[in-house]
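S.K.: Give me a 3D structure for the following:
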Amino acid sequence: MNKPLFPILLKVDGTEKPPAGALFWYEIGCNGIFIGKNSGIISSLSRVSEGGIPFLKPVVAYADLAVNLLPIEQLAMMLNFFREIDRRMQTEVNVLLFYHPENDEWMIYCPEQEVTHGSVHYDNDIAFDGWLKIGTSHSHGNFGAFHSRTDHHDESQLDGLHMVVSQVSCDTPEIDLIMMVNGQSFKKDVAEYLAGACLTEVSIPYMRSIPPKKKFSKGREARVATTPVYPSPISPPDLTSGFTKQILNALLRPIQTVPSTCRSGDMVREIEPLVPLPPPVQTTDYRKESRVVLQLPPGKRITDYPFPQEWLARVKRKTYPVVQPVRQDVSVTTIPFASTTPRLSLSDAETRDDLPLYERFDLETPDDLMQTPRFDPFLPHRRKP
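M.R.: Below is the predicted model of the structure:
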């Protein structure tokens, strides 16, 4: 009996392990069929089929990258490059991540690319001797750090580490880090692969508008009616729409009332002069957000780590051709009016006053005159039968 090409493990008690030195293997559990991969740098176990065996134990999927941490100097250089592209072009930009397994070194490379506000087009067939391409990193500017459907499609073509960076204009950016294997993504913490980076909850300042309080001229709090109040026991129903009501409230001065204890609740009790409201007050407030804090040396900032200036020349904004409208000459064909009966002409009839009416128009009998379209001198295009 022939042996299978790859080892197959059944998760009976959950302690089964693949044979030592196996590059590929399969594991079958109650939650599906999984394929294991161990290429020296990438070790993973990902699902390939949903169908499983009910009485087996579940298989836990994972993905790891056996590399050193990305140095904080290279990370700061990459963030500085993203910030400069966002300042100049307000577009996305992409870089490739390479790793040298013998020297345990990282290299960040910027390829030739065309960028827009929401896309990046670059040549992915780039290789260097001795270096392994193990991931990508691209910027979302100040939009948001997340992997879109297009990002997942592009990243599924390369197993490895993939980063999305946003809020690049701040010293505390957002970084969404995943590990992609066999088209499946695994969420990763930035501290696992980025040196000197940790996810921390920080206070982010923002401007907030405080609306003024509505008050009477006497200084006490008031609830001003937003719609005109009818001083009657029972108010008529308000049939105006919301938009019309806003226009009327802006143009008409409503009657300000104090809520009463009457049954109807809309009896006028006291009228105060309308006090103009001051504009809203702009104040600085803070909200809590999860950001990546870089533990740079004292006195150092992201802008202190320069990037190769030739990278800027490799990033070009994608331009679209201007399509001029094509003007087509439409020829109009006039179809002459076809009729079996002759048209009446007033000029011809006036020149033949000595003849009967039906003979003036070359008709044989008076009955033919009743079948002939009548002539309208004021509306020549309207002819009544």
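S.K.: Work out for me the element Q74 sits within.
M.R.: helix 72-88 (DSSP states H and E).
S.K.: same check, this time on L177
M.R.: Using DSSP H and E, L177 maps to strand 174-181.
S.K.: mean confidence for that strand?
M.R.: Strand 174-181 shows a mean pLDDT of 95.
S.K.: Could you list the low-confidence segments of this protein?
M.R.: 1-2, 214-243, 245-246, 248-275, 326-385 (pLDDT under 70).
S.K.: Report the residue ranges of every domain in it.
M.R.: The chain breaks down into these domains under automatic domain parsing: 8-65, 72-202+291-317.
S.K.: quick one, the helix or strand containing I108 and helix 72-88 angle?
M.R.: In the assignment (DSSP H and E), I108 maps to strand 105-109. Counting by axes from the mean of the first three to the mean of the last three CA atoms, to 10 degrees, strand 105-109 lies at 10 degrees to helix 72-88.
S.K.: gap between the two ends of stretch 291-298?
M.R.: 20 Å (CA to CA, to the nearest Å).
S.K.: Please list the outside residues in contact with that stretch.
M.R.: For stretch 291-298, the surrounding residues in contact (CB atoms under 8 Å, 6 or more residues apart in numbering) are 72, 75-76, 79, 167, 170-175, 190, 194, 196-202, 204, 302. The C-beta positions use only the backbone N, C-alpha and C, and glycine is treated the same way.
S.K.: returning to that earlier point: so which other helices or strands are in contact with the next helix or strand along the chain from the helix holding Q74?
M.R.: As assigned by DSSP H and E, the chain's next helix or strand after helix 72-88 is strand 93-100. Counting contacts by 3 or more CB pairs under 8 Å, 6 or more residues apart in numbering; DSSP states H and E, strand 93-100 is packed against helix 72-88, strand 105-109, strand 113-115, strand 120-122, strand 132-139.
S.K.: change it to 10 Å
M.R.: helix 72-88, strand 105-109, strand 113-115, strand 120-122, strand 132-139, strand 160-166, helix 310-314 (3 or more CB pairs under 10 Å, 6 or more residues apart in numbering; DSSP states H and E).
S.K.: ok, then the element right after the fifth one?
M.R.: Remark: after strand 132-139, the chain's next helix or strand is helix 149-155, criterion DSSP H and E.
S.K.: Just the buried residues of that following helix, please?
M.R.: For helix 149-155, the neighbour count (16 or more other CB atoms under 10 Å) marks D151, D154, E155 as buried.
S.K.: Same check on stretch 155-165?
M.R.: E155, L158, D159, G160, L161, H162, M163, V164, V165.
S.K.: got it, and stretch 177-196?
M.R.: 177-182, 184-185, 188, 190, 193-196.
S.K.: cool, and stretch 19-29?
M.R.: Going by 16+ other CB under 10 Å, stretch 19-29 has these buried residues: W25, Y26, E27, I28, G29.
S.K.: give me the beta-bridge partners of the first one?
M.R.: Per DSSP bridges, the residues bridged to W25 are G36.
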